[in-house]
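# task: produce atomic coordinates for the following.
(4 chains)
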Amino acid sequence: MGINLVMQEYEVLRNEAKCIGCKICVNQCANNVHRWDEDWQMIISDDKYCVNCHRCVVFCPTGALSIRKNANDFTFNANWENRHIKNIYRQAQSGGVLLTGMGNDRPYPVYWDKMVLNASQVTNPSIDPLREPIELKVFLGRKSALNEKDEVFKDDIFPWLELDLPVMFSAMSFGSVSLNVHKALARAAETMGTYWNAGEGGVHADLKKSMNHTIVQVASGRFGVNPAMLKEAAAVEIKIGQGAKPGIGGHLPGEKVGQEVADTRMIPVGSDAISPAPHHDIYSIEDLKQLIFAIKEATDYKKPVAVKVAAVHNIAAIASGIARAGADIIVIDGFRGGTGAAPQAIRDNVGIPIEFALAAVDQRLREEGIRNEVSIVVAGSIRNSSDIVKAVALGADAVYIGTAALIALGCHMCQKCYTGKCNWGIATQDPKLVKRLNPEIGARKLVNLLTAWQHEIKEMLGGMGINAIESLRGNRLMLRGIGLNKKELEILGIKAAGE
Amino acid sequence: MNEGKVRISSGCAIAGIIDRKREMFSGTDIIESIAVMHERSNGLGGGFAAYGIYPGYEDCYALHIFFDDKGARQKTEDFLNCNLKVGMTEAMPLRKVKTVKKPPQIWRYFVRAKEQKLMEAGMSEDEFMVQAVMKINKTIKGAYVFSSGKNMGVFKAVAYPEDAGEFYRLDEYKGYLWTAHGRFPTNTPGWWGGAHPFNLLDWSVVHNGEISSYDANRRFIEMYEYECTLQTDTEVITYIFDFLIRKNNLSIEKAAAVVAPPLWEQIAEKDQKNREKLRRLRGTYGSLLLNGPFSIILSASNGMMALNDRIKLRSLVAAEEGSRLYVASEEAAIRRVAREKLERIWAPRGGEPVIALLEGADDIFLKQDEAN
Amino acid sequence: MRYVIIGNSTAAIGAVEGIREIDKQGEIIIISDEVYEAYSRPLISYYLSGKIIEKNIYYRDKNFYVQNGVALHTGQSNVQINPETKIVWIEPGSEQIHYDKLLIATGGKPVVPDFLNGGYDNVFLFHSFDDVKKIDDFLKKAGKRQNVAIIGGGLVGLKAAESMFFRGQDVAVVEAGDCLLNSILDLKAGNIVENYLKRRGISIFIQNIVEEKEGEDKLERLILSDGTILECDMVIAAAGIKPNYAWLNLKNLKVDKGILVDEYLQTSIDGIYAAGDVAQAYEIISGEKKVVPILPNAYIQGRIAGANMAGENVRYRGSIAFNSIPLLGLNIVTAGLSNCDDRDSEIIEEFRGEFNYKKFILKDDVLVGTVLIGDIYRCGIYRYLIEKKIKITDFKQSILSPEISWRLLGRAEAGFKGGTY
Amino acid sequence: MKKVYVIEDFCIGCGTCMVYCAAAHSEYPKDLLKAFKLSSLKPVPRLFIEEEEGNSYSLMCRHCDEPLCVYSCISGAMFKDNRTGVVKVDKERCVGCFTCVIACPYGFIREGSENGRSLPLKCDLCKDSFDMPQCVEHCPNEALRYGEE
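Numbers count the residues shown, from 1 in each chain, chains lettered A, B, ... in the order given. So this is what the prediction gives:
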């Protein structure tokens, strides 16, 4: 074996003056960091297993615990940063691909934070959302030109998704996350008048009653797909790619495929669920069109069909192709989007920021005159209400939140989703851990989060003198850039602050 | 700093008078009416739209054009001659007014499209004219077509509206529909083209307010071969109505429901049919909702519509007296010019259009295929 | 409706409370040979130890009788009954009282060995409040440490020994049987208790009887069968208790060890019920009628008898014996056939230290008895398993687990609805 | 009556209820640290966490309608409060015989002591010091519910 060169990443600090020996930390750590030692008659912590998920910290009733980054640094080297050295140790030990979870954590610029919003002063009154209605309803789907004479006011020409606020829950499959996550998302979506996406892997039987708020996915593995599910769902999303790992498939290890997951995915218990990198029936845009229309046929043209792609370099052209292939909704997932498991090298280095992708796609579709024929939903690290407002102002119809929703459910962003030992009951199938997420609490927190964001969005809209979200969509005059170069401003289609 | 280079916000006064029996009356009334609201302007823009004023030239498009210099006029006339049959051409008859300073050269041309060109373009004459006007405005520096309708004209200046009326000798014209605008921009543009009304074909729009949805509206409408060169609200509003009514064949009522739709909670209270209709309308044309405060008067050859934003953030008063219908930013502007006792005077609710059509007219805009 | 209850201890109080659940109006008369309001018999040792004050020996609040509309006649030991006419005389010749329902709740009576019957000044019983008051007086007068001989190493004897020990006396216990507490403990467990008490300084003489005695007015010296000479300043007789029904002498009343009662706790005479230590009722483990003289049983029987007297039809589901006897800080609990060691049974036991012992007696994978000494954590679950005769085949192995769980052991029985009596 | 119920799907066996229960019945009911660090006796919880096949349940006195502990009490100290339905011990009257401990079919009464006296320890729904049972108040997963059945 030889010595393992990887140093512990974190240190557990226990304030013995506050520790009452209740052992909650012991039973809450699925990584077995804490244990009661009969000889010492105290709780001993084995730092090397700590993933910094803070479960013990939060649960410690006396606040006796804290976790620190291990202070042991290598000799300073701006080129050979700690992480490079550690990763080499790891790979030299394991010979394997480095896996990670959640989204790109590298310090790339966050363009949301380089855009600021406008507000009304003097010439135009701001609107007080406490006194005046401010409307956030959004419809996703194809908007055909209406014509009095053509009697096109029938409701079923093109199906729409009706959202009471421009936020949906992003695709996270049952398997990558627990059933309780799905339950929480479904309930919250129902309460808030929006939708949740079940991801690739079908919808558990317990959630059938929420199907009218569920977007189902057809991805490269086709797991869980069946005609009944497509028909019952609110919309169908074809997943081509994911921001965290564009060009990469998915792999749900067999140990996570218990009875429930197996039933839902329609695969044998214990078998690996492998989603290929591409759809093997889509090698070109015309193949996508066939799949879109196959789904439309299967759903009697009553369900909007979305196509989700990762934000990559020529996203504008790709999006235009998707629109022309007949998709009703284009979902673009930026390179900071999350995942349950991805090779670190891919997650941290492939794709482009969602802000640029969105701006480019919106602009391209407008230049081609087809922006109103398809809705744009963006995903990939929407962190707060102002990100949403900025996304809509750049041109998005709505956003998907995944990571933010998981954080509301308790995720502490330790990035260890791929281990299946999520102490917060989120990215796990271990029944003992799954129980830790009470979907009622989860749904309430999600509802609270969206309600809070709803208020904030209204405040921001009101400040701009806008009382309907559609008046913000693509309203890039409401944005100004700070610290952006000319090219970036040009791509975003916004002016610099002060202009 | 001309319109088109920057976006300039402004407050304003608007007024409109229509005689639904097509009885003609001179520009004196509308000048008096708008003059009452002198305080609402600041001398940096005033203008009028008048319908029925060119009875001899009903079939021709009357182009009113500002030229910065002779060169611009030359280039424009070359373009006109190349693409259009140019009828009467004359310098605009004007009167010297002390407060109206540094006017550009102002000319008018009565034109029609050349049939050959129309065939080549494969479009209606209206559409052809729209393209022609946009081409001039976009490509010929120093030239600006500010009126292009049939049997109607826009007259505007960097001045108080009553001075602009005097300047253009509007007391000498007779029309059945007049609108006026007095402007209070928040900075000091010196360009006449930026004054209101804005015009396209028969459409003219006067507007008081500031559209917070401007860029959403603009970026949407520009998908459909409009180009907002002025960056003014009136420009985009005019295009929106042209798009909805002329191109998409919506009725004026539906167009009003697009730009100032009922709240969703109001829509929810409607009967099933109307609910679905409004839902579709709003869902489809959401980007054309005019947000922020406005009162506008949209006019075309068959009538006018006054409309407030849906939460009524700008003043707008309407009144009726026989065949006449008045609208104005202030009640006083109506009372001043009313001939007899007003039968009804009211403040329209937000989003509730006041539509006054000529007797016998189906819709506000005389659509070309119907006209032919 | 008139209820007459003879006896004024636990079963009587249970009966009053049982009656009043149903019948708030009916007249209740209690006739007692003692002069006190109902007190807790097991608490006399605590009283004598000085662990409780007199006020707290009473089983219910001061105003219990008034609140429940009970007429209490104390100091009456000559009650007469005519079951045919349903008449009770509080004493011979007194006013006749008609009853509708009658309850006999006269409890038990101490058995006094013959050799103590000699009118000795220093021989005491340990059964009633008066008994311990007399002992208390005696100790106070004596003024010095006394040698106390306790005849009987059963429950009463050991509680007496404990209280005398707490009072600072020199205590010796003489037990004829194989071990202490032999009605509930087998030899092994009995020895643990014996060792514990000896360690604390109590002298114990097992398998001994008093062969000879010395003394005139006072019993001064006892000579045991092993030859030990016990000097004694005091002797306490704790040789056992028998059901107290002999006084009744009713023709049609069926009796065995006690008064036989049916599943509604009615005796063989219509309208007359019996409950508590005097009654012989259904016992669960044996499936036969037995006298189970423990306080909880007295209360429950009294309560059920009361309810039935008031017109309900509550079935008595039977009892099992169980006890909890803390002795000088050592917890001892037993339930069921805790002293059983016959060949058909399976014993699972565990010693965890000298005075920490667990024993489970099973028959055909059904728990029939248990003894726990020292650690009695969650012992109620075992008692419940015995009472419900739950087969524990599936989890026999975990019965010794310190993480004993109700869900595991009790899952055969539905839910959390509460007791089933 | 209002009782504490466990929602079995969400009890995660963390023991937070036990910690707060123990503290609530200690010398410092409202201060966890003092309860555990300054109390002369180690705080003892009144409830039990049981595990079965990987599931866990926090359980405590059911305050039975037919309370065997009350019926079995040799001193009359254990009683069911007529008003609240709470089964509790009158500490002054209790002699610490622990008959209730063996009487309770669920094993929900602990043997314990206070100031050198033996006393049974059981759930009293925190009625003495709090409006809400502390196990319910602090259950991190809302697996405990206080209310009617």
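# ranges for the strands of chain D?
Ranges of strands within chain D are D:3-6, D:48-52, D:55-59, D:78-80, D:87-89, D:110-114, D:117-121, D:144-147, based on DSSP state E.
# and for the stretch 151-300 of chain B?
B:152-157, B:174-175, B:177-185, B:198-200, B:203-209, B:294-300 (DSSP state E, counting those that start in this stretch).
# hmm, back to that, quick one: which of the strands of chain D is nearest B:K270?
strand D:144-147 (42.8 Å; Cβ to Cβ). Where you see a C-beta, it was placed from the backbone N, CA and C, and this is true even at glycine.
# reformat the strands of chain D as CSV; add mean pLDDT, distance to chain B and mean neighbour count.
Formatted as CSV, the strands of chain D follow (pLDDT from 0 to 100; distance: least, Cβ to the nearest Cβ, whole Å; neighbours: other Cβ atoms under 10 Å in any protein chain shown):
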stretch, mean pLDDT, distance to chain B, mean neighbour count
strand D:3-6, 92, 40, 21
strand D:48-52, 86, 50, 20
strand D:55-59, 85, 45, 22
strand D:78-80, 96, 54, 20
strand D:87-89, 96, 53, 23
strand D:110-114, 91, 58, 19
strand D:117-121, 93, 58, 19
strand D:144-147, 94, 36, 16
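# make TSV out of these and add distance to chain C.
Shown next, in TSV, are the strands of chain D (distance: least, Cβ to the nearest Cβ, whole Å):
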stretch	distance to chain C
strand D:3-6	8
strand D:48-52	4
strand D:55-59	6
strand D:78-80	10
strand D:87-89	10
strand D:110-114	6
strand D:117-121	6
strand D:144-147	13
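# so which residues on the stretch 251-372 of chain B come close to chain A?
Within reach of chain A by Cβ under 8 Å from any Cβ of the partner chain, the stretch 251-372 of chain B has these residues: B:251, B:254, B:263-265, B:276-277, B:279-287, B:289-293, B:310-311, B:313.
# reformat the strands of the stretch 151-300 of chain B as TSV; add mean pLDDT.
Output for the strands of the stretch 151-300 of chain B, formatted as TSV (pLDDT from 0 to 100):
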stretch	mean pLDDT
strand B:152-157	96
strand B:174-175	96
strand B:177-185	91
strand B:198-200	92
strand B:203-209	91
strand B:294-300	94
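# and of the ones you listed, who's closest to chain C?
Closest approach to chain C among these is made by strand B:294-300 (66.9 Å; Cβ to the nearest Cβ).
# check which helices and strands that closest one sits against.
strand B:10-19, strand B:46-51, strand B:177-185, strand B:203-209, helix B:233-241, strand B:303-308 (3 or more Cβ pairs under 8 Å, 6 or more residues apart in numbering or on different chains; DSSP states H and E).
# output the last one as PDB, restricted to C-alpha atoms.
Looking back up the chat, that one is strand B:303-308. C-alpha atoms of strand B:303-308 as PDB (Å, rounded to 0.1, in the frame of the first residue of the first chain):
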ATOM      1  CA  GLY B 303     -60.500  57.500 -36.000                       C
ATOM      2  CA  MET B 304     -58.500  57.700 -32.900                       C
ATOM      3  CA  MET B 305     -58.000  55.800 -29.700                       C
ATOM      4  CA  ALA B 306     -56.900  57.300 -26.400                       C
ATOM      5  CA  LEU B 307     -55.400  54.900 -23.900                       C
ATOM      6  CA  ASN B 308     -53.800  55.000 -20.500                       C
END
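# can you say which of the residues of the stretch 251-372 of chain B next to chain A are buried?
Buried residues within these, counting neighbours by 16 or more other Cβ atoms under 10 Å in any protein chain shown: B:254, B:263-264, B:277, B:279-287, B:289-293, B:310-311, B:313.
# ramachandran angles for the residue nearest the centre of chain C?
In chain C, the C-alpha nearest the mean C-alpha coordinate belongs to C:I294, at 3.7 Å (Cα atoms, centre = their mean). The phi/psi pair for C:I294 (degrees, to the nearest 10) reads phi -120, psi 150.
# dump the residue contacts of it.
Contacts for C:I294 (Cβ atoms under 8 Å, 6 or more residues apart in numbering or on different chains) come out as C:S319, C:A321, C:F322, C:N323.
# OK, contacts around D:K80?
Counted by Cβ under 8 Å, 6+ apart, D:K80 has contacts D:H63, D:P67, D:V70, D:V86, D:V87.
# check C:K254 too.
C:K254 neighbours (Cβ under 8 Å, 6+ apart): C:L260, C:T267, C:S268.
# so what's C:G18 up against?
C:G302, C:R303, C:I304, C:A305, C:G306, C:A307, C:N308, C:M309, C:A310.
# looking at this, the third one is in a helix?
This points to C:I304. Yes: C:I304 forms part of a helix when assessed by DSSP: H, G, I helix; E, B strand; the rest coil.
# is it true that it touches C:Y316?
Yes: using Cβ atoms under 8 Å as the test, C:I304 is close enough to C:Y316 to be in contact (5.2 Å).
# shared neighbours of those two, anything?
Joint contacts of C:I304 and C:Y316 (Cβ under 8 Å, 6+ apart) are C:Y264, C:L265.
# what about these two, which has more around it?
More crowded of C:I304 and C:Y316, by other Cβ atoms under 10 Å in any protein chain shown: C:I304, with 25 against 21.
# report pLDDT for the residue in the stretch 201-350 of chain A that chain D sits nearest to.
Nearest residue of the stretch 201-350 of chain A to chain D: A:D206, at 11.7 Å (Cβ to the nearest Cβ). A:D206 carries a pLDDT value of 95.
# so who does it touch?
A:D206 neighbours (Cβ under 8 Å, 6+ apart): A:L179, A:K183.
# assumed it was part of a helix.
Yes: applying three-state DSSP, one finds A:D206 inside a helix.
# now it: how far from chain C?
Plainly put, A:D206 is 24 Å away from chain C if you go by Cβ to the nearest Cβ, to the nearest Å.
# okay, now the domains of chain D?
D:1-60+D:128-149, D:65-122 (automatic domain parsing).
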